[in-house]
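what follows is a predicted structure for the sequence shown.
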Amino acid sequence: MAQPTSSALRALAMEYKSLQEEPVEGFRVKLVNEDNMFEWEAHMKFPPDYPYSPPSIRFMTKVWHPNVYENGDLCISILHPPVDDPQSGELPCERWNPTQNVRTILLSVISLLNEPNTYSPANVDASVMYRRWRDSKGRDKEYENIIRKQAQAAKVEAEKEGIVVPLTLEDYCIKTRARPAEQPLDMTDFYDDEYELDDDDDEEHSAGEYGDDDDSGNGES
């Protein structure tokens, strides 16, 4: 495996800090291992030349969704390599490019979860059930029942691991920590060999703390 570049490490460190301070609604980000900036929960892996190549996203619990494979891999245009592939039905502009980042990925995942792409599904059975549920305006309950059972099972597993599952909209919506206008975010002290900020930097830049909160990542298949 190629060695990570310093630019990839710095880019990820900056994005991680930004998402700790101003989370995407419904997501908390956390490293799988504090010594590895290239693997995030749950479960996002970054290539050594990020952001020139896209990361991959895999759901760790079962997700019955038209654009999620059985193994949990997410199929979404924004994470496909930036190559010209006429047979895919995707335009090059719909695929990954270096201007994308973790925040735009998470927003795309939210959009895809809310509005599945059924034209080129990763899970054909889920796609058929979803269309039937949608066209019946919710009267056909098969898709809905599977989702509910999976969500309940995931909640039980999460609680076993001490993870608090939000049950209300208020709990779901993560509050951001406002940054005073006179104290803009300083990214210059971001990286050292341990992927962490020094204690002195933490005190000087209080908005730059690493958090311990957890996560789990509109496109097309």
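Cool, the structure landed. Residues are numbered from 1 along each chain as shown.

the longest strand along the chain: how far from the chain's middle?
Residue-count comparison of every strand in the chain, with assignments taken from DSSP state E, identifies strand 36-41 as the longest. In terms of Cα atoms, centre = their mean, to the nearest Å, the centre of strand 36-41 is set 12 Å apart from its chain centre.

same check on stretch 31-46?
On the basis of Cα atoms, centre = their mean, stretch 31-46 is displaced by 11 Å from the centre of the chain it belongs to.

same check, this time on stretch 20-35
With Cα atoms, centre = their mean as the basis, the distance from the averaged C-alpha position of stretch 20-35 to the chain average is 9 Å.

if we can go back for a sec, mind exporting the longest strand of the chain as PDB, just the C-alpha atoms?
Included here for strand 36-41 are C-alpha records, laid out as PDB according to Å, rounded to 0.1, in the frame of the first residue of the first chain:
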ATOM      1  CA  ASN A  36      -4.700   6.500  12.300                       C
ATOM      2  CA  MET A  37      -6.300   9.600  10.700                       C
ATOM      3  CA  PHE A  38      -7.200   7.500   7.500                       C
ATOM      4  CA  GLU A  39      -9.900   5.400   9.100                       C
ATOM      5  CA  TRP A  40     -13.100   6.900  10.500                       C
ATOM      6  CA  GLU A  41     -16.200   5.400  12.000                       C
END
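
list the neighbouring strands of the helix or strand just after that strand plus their orientation.
Per DSSP states H and E, strand 36-41 leads on to strand 44-45 as the next helix or strand towards the C-terminus. Looking at strand 44-45 with DSSP bridges, its paired strands and their directions are strand 36-41 (antiparallel), strand 56-57 (antiparallel).

can I get the ones you listed in TSV including mean pLDDT and distance to residue 97?
Backbone N, C-alpha and C define where each C-beta goes, glycine included. Converted to TSV, those look like this (pLDDT from 0 to 100; distance: least, Cβ to Cβ, whole Å):
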stretch	mean pLDDT	distance to residue 97
strand 36-41	90	20
strand 56-57	92	16
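
quick one on the thing from earlier: what residues does the longest strand of the chain touch?
Contacts with strand 36-41, where a contact means Cβ atoms under 8 Å, 6 or more residues apart in numbering, come from 4, 8-9, 12-13, 16, 29-33, 45-46, 48, 50, 60, 102, 195, 214-216.

show the buried residues in the residues you listed.
Among the contacts of strand 36-41, the ones that count as buried by 16 or more other Cβ atoms under 10 Å are 4, 8-9, 12-13, 16, 29-31, 46, 50, 102, 195, 215-216.

so which of the residues you listed comes closest to residue 56?
Each of these was scored against residue 56 by Cβ to Cβ, and residue 46 proved nearest at 8.4 Å.
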